[in-house]
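[1] need coordinates for the below:
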Amino acid sequence: MAGNNIHEHDLVVVGGGLAGLRAAIEAHDHGASTAVVSKVYPLRSHSVAAQGGINAALGNDPGSKGDSWEKHAFDTIKGSAYLADQDAVEILCKEAAASIYELEHWGTVFSRDSEGKLAQRPFGGAGVPRTCYAADRTGHNLLNTLFEQAYARGIKFYNEYFVTSLVVNDNKCTGSIAIDIQTGKLHGFSVKALILSTGGYGRIYERSTNSLINTADGHALAYRSGAALKDMEFVQFHPTTLYGSNILITEGARGEGAHLINSEGDRFMIKYAPEAKELAPRDIVARSITQEIEKGLGYAGEYVYLDLRPLGAEKINERLPGIRQIALDFANLDPIEEPVPVQPGQHYSMGGIAVNNEGETSIEGLLAAGECASVSVHGANRLGGNSLLEALVFGKKAGKKACCNNRQTGPLSIVKKVMDREQERLENLFSGEGDNWATLTKEMRKTVYSKFGIFRDKEKMEKGLKTIERLKDRYQNTALKYKGKTYNQALLKYLELGYMLEIAEAVAVSALERRESRGSHYRTDYPDSDDDNFLKHIILKADQKNRPAISYAPVRMGLFPVKEREY
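    Got it, this is the predicted structure:
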């Protein structure tokens, strides 16, 4: 039987990254008893890995004079292949400057220009230099600032707690259950509202820039509880990840002037995007690199080079010191002297838990923010520099909405009942024999990368979906041999695999359903966009057999009708 480890808070935020911390701060400042439950220490959240910058129409750069939120919104909507909901994009772009100034006043050390203003660099898909940055460690700086602010407020942290289920009754979320990883004991949380801010699901892929913790936890928890998922087919591949390890090489490198070159020494992006070149949107650059490699113009049939040498040593050391260190440590080369081998890798998930502009899901009291949510401000393709901004803007909105209601915490008896049920489920995992979780994980990642990658077609995807379905069946018979309580990583990896398999299936079903090419979703059997039939969101909800049931939602249009598409 479970113990009496039940905690009561007005609000629990699951996830300690940018969106989660910003939500927690906002809720606290509105008088809510707030706690953050994170499976890693917050400063190890994946937000810390964001390198290049955060967008806002400040107009500080000489090349961005006259910039405006409307121009930022247009670039975002055009980059999204017109699938972004335009009212949400308007909120994002209107509140961008205030969000950045707020973090700066709280202590974030941004890079500055010669006049002392916040410096801005070019990023892909943007008409002007619009991306504020802190060298190439922007996420690191922002996350540390928010953690300091949350800690100073006395917000309660439950670090290294892994959430295994939500407490949902009559379509109302009143709590969650989590494992204290250090002790192995279950804890219950009784709440008035709960915000999921658990990041992306990149680790369903074999090659990914994502942290090992990005395992679809929030997506699956919401989906299992009856919430809808939205636009799960749209998975962004970053064009430049370090060959061999797939560590991110920021778009900021290309923003500063680095070139992509093939095995013949040609700057090939001139062929694919004559105007934007290396600063075309990420989907275009990633496909272009892949095409060069498939034409035999890559190195060893695996990668191309990112050449930072034109920048010079001074600019590299000043603006890209982290990238230089990554190249030195993980590729044994100095980008001041040698080009860096890069290849596309999974980077970001545009789709996620379906929420409104205030972060609310279809379940009362359950909200989501950040990469795990789909507002949708990214549509079919996210512009670099917009993800950190989304986390701040909509994390704040979710935090405010979560605490501005008259809901009461649910009966503790319901939390206790779910906790007892979870205890029994977890204990049963250590009996019996079957497949090893590591074997299944490896097969899943290989399948998803090869069948649902940069280029897709019906035959490959149908085979991939069947493999995922078989893996889900085999997962039910997986055996856990290590029975220790303290830091049982095998148990955590097993539970994460369950989350990932469900979301891999959601990606597969959505990708098969969208019979067109749009943004990051490129089908060789349907190479054109089809606005008549697919200018809409694909929505998934779990049916009674826990399989994805498909429906649709219209794209909320606004200032910008569908027109410009090329770069």
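[2] is residue 59 in a helix, a strand, or coil?
    coil (DSSP: H, G, I helix; E, B strand; the rest coil).
[3] for this structure, what's the longest helix?
    helix 489-513 (DSSP state H).
[4] next SSE downstream of that helix?
    Downstream of helix 489-513, the first helix or strand assigned by DSSP states H and E is strand 522-523.
[5] give me the mean pLDDT for that next one.
    For strand 522-523, mean pLDDT rounds to 96.
[6] would residue 323 count as being in a helix?
    Yes - counting by three-state DSSP, residue 323 is found in a helix.
[7] state the distance from residue 42 to residue 184.
    Counting by C-beta to C-beta, to the nearest Å, the gap from residue 42 to residue 184 is 22 Å. The C-beta positions use only the backbone N, C-alpha and C, and glycine is treated the same way.
[8] repeat for residue 223
    Using C-beta to C-beta, residue 223 is found at 26 Å from residue 184.
[9] same question, residue 542
    Between residue 542 and residue 184 the distance is 29 Å, computed by C-beta to C-beta.
[10] and these two? Which one has more around it.
    Of the pair residue 542 and residue 184, residue 542 is the one with more neighbours under other C-beta atoms under 10 Å, namely 20 against 15.
[11] just give the closest residue to that one, not the sequence neighbours.
    residue 223 (5.6 Å; C-beta to C-beta, 6 or more residues apart in numbering).
[12] quick one: that neighbour from residue 201, how far?
    Applying C-beta to C-beta, the value for residue 223 to residue 201 is 11 Å.
[13] mind listing what residue 308 touches?
    253, 258, 316, 320, 323, 335-336, 339-340 (C-beta atoms under 8 Å, 6 or more residues apart in numbering).
[14] just the pLDDT for it.
    97.
[15] do the same with residue 1
    Confidence at residue 1, expressed as pLDDT, is 33.
[16] also the one 3 residues further on?
    Here, the pLDDT recorded for residue 4 equals 67.
[17] got it, and the one 5 residues further on?
    Here the pLDDT value assigned to residue 9 is 96.
[18] in three-state terms, label it for me.
    Quick answer, by three-state DSSP: residue 9 is strand.
[19] quickly list what's touching both of residue 223 and residue 201.
    Both residue 223 and residue 201 are in contact with residue 503, where contact means C-beta under 8 Å, 6+ apart.
[20] okay, those two: which has more neighbours?
    Each of residue 223 and residue 201 has its neighbours counted (other C-beta under 10 Å); residue 201 has more, 32 against 24.
[21] so that one versus residue 240, what's the distance?
    For residue 201, the distance to residue 240 (C-beta to C-beta) stands at 21 Å.
[22] wait, what's in contact with residue 346?
    Listed by C-beta under 8 Å, 6+ apart, the contact set of residue 346 reads 202, 205, 207-210, 235-238, 449.
[23] could those be laid out in a markdown table, adding pLDDT, neighbour count and secondary structure?
    Compiled in a markdown table, the contacts of residue 346 are given as follows (pLDDT from 0 to 100; neighbours: other C-beta atoms under 10 Å; DSSP: H, G, I helix; E, B strand; the rest coil):
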| residue | pLDDT | neighbour count | secondary structure |
| --- | --- | --- | --- |
| 202 | 96 | 26 | helix |
| 205 | 97 | 28 | coil |
| 207 | 95 | 17 | coil |
| 208 | 96 | 26 | strand |
| 209 | 95 | 26 | coil |
| 210 | 95 | 24 | coil |
| 235 | 97 | 27 | strand |
| 236 | 94 | 26 | strand |
| 237 | 95 | 27 | strand |
| 238 | 93 | 23 | strand |
| 449 | 96 | 19 | helix |
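[24] doesn't residue 198 fall inside a helix?
    No - counting by three-state DSSP, residue 198 falls outside a helix, being coil.
[25] quick check: closest non-adjacent residue to it.
    Once flanking residues are discounted, residue 198 sits nearest to residue 218: 3.2 Å by C-beta to C-beta, 6+ apart.
[26] buried residues in the strand or helix carrying the residue nearest to residue 542?
    Here residue 223, judged by DSSP H and E, is contained in helix 217-224. By 16 or more other C-beta atoms under 10 Å, the buried positions in helix 217-224 come out as 217-224.
[27] for the longest helix of the chain, name the packing helices and strands.
    On a contact count with 3 or more C-beta pairs under 8 Å, 6 or more residues apart in numbering; DSSP states H and E, helix 489-513 meets strand 161-169, helix 217-224, helix 437-451, helix 458-475, strand 536-542, strand 548-554.
[28] returning to that earlier point: and the contacts of residue 346 as JSON lines, adding distance to residue 431?
    JSON lines is the format used below for the contacts of residue 346 (distance: C-beta to C-beta, whole Å):
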{"residue": "202", "distance to residue 431": "32"}
{"residue": "205", "distance to residue 431": "32"}
{"residue": "207", "distance to residue 431": "35"}
{"residue": "208", "distance to residue 431": "33"}
{"residue": "209", "distance to residue 431": "38"}
{"residue": "210", "distance to residue 431": "33"}
{"residue": "235", "distance to residue 431": "36"}
{"residue": "236", "distance to residue 431": "41"}
{"residue": "237", "distance to residue 431": "41"}
{"residue": "238", "distance to residue 431": "42"}
{"residue": "449", "distance to residue 431": "33"}
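[29] quick one on the thing from earlier: distance of the residue nearest to residue 198 relative to residue 547?
    20 Å.
[30] try residue 425
    Using C-beta to C-beta, residue 425 is found at 20 Å from residue 547.
[31] then residue 486?
    Distance of residue 486 to residue 547, computed by C-beta to C-beta: 36 Å.
[32] residue 239 too?
    According to C-beta to C-beta, residue 239 and residue 547 sit 34 Å apart.
[33] those two: which has the busier surroundings?
    Neighbours were counted for residue 239 and for residue 547 using other C-beta under 10 Å; residue 239 has more, 31 against 13.
[34] what helix or strand is the more buried one located in?
    Here residue 239 is assigned to strand 235-242, by DSSP H and E.
[35] next SSE downstream of that strand?
    Toward the C-terminus, strand 235-242 is succeeded by helix 251-255 as the next helix or strand (DSSP H and E).
[36] so for that next one, mean pLDDT?
    The pLDDT scores in helix 251-255 average 91.
[37] look at residue 23 and give its secondary structure.
    helix.
[38] would you say residue 174 is within a strand?
    Yes - assessed with three-state DSSP, residue 174 lies in a strand.
[39] my guess is it meets residue 415, correct?
    Yes - counting by C-beta atoms under 8 Å, residue 415 is a contact partner of residue 174 at 7.1 Å.
[40] quick check: neighbours shared by these two?
    Residues touching both residue 174 and residue 415 (C-beta under 8 Å, 6+ apart): 167, 190.
[41] any weak-confidence spans in the stretch 1-150 of the chain?
    Filtered on pLDDT under 70, the stretch 1-150 of the chain yields the residue ranges 1-4.
[42] which non-adjacent residue is nearest residue 516?
    Leaving aside its chain neighbours, residue 516 sits nearest to residue 530 (4.0 Å; criterion: C-beta to C-beta, 6+ apart).
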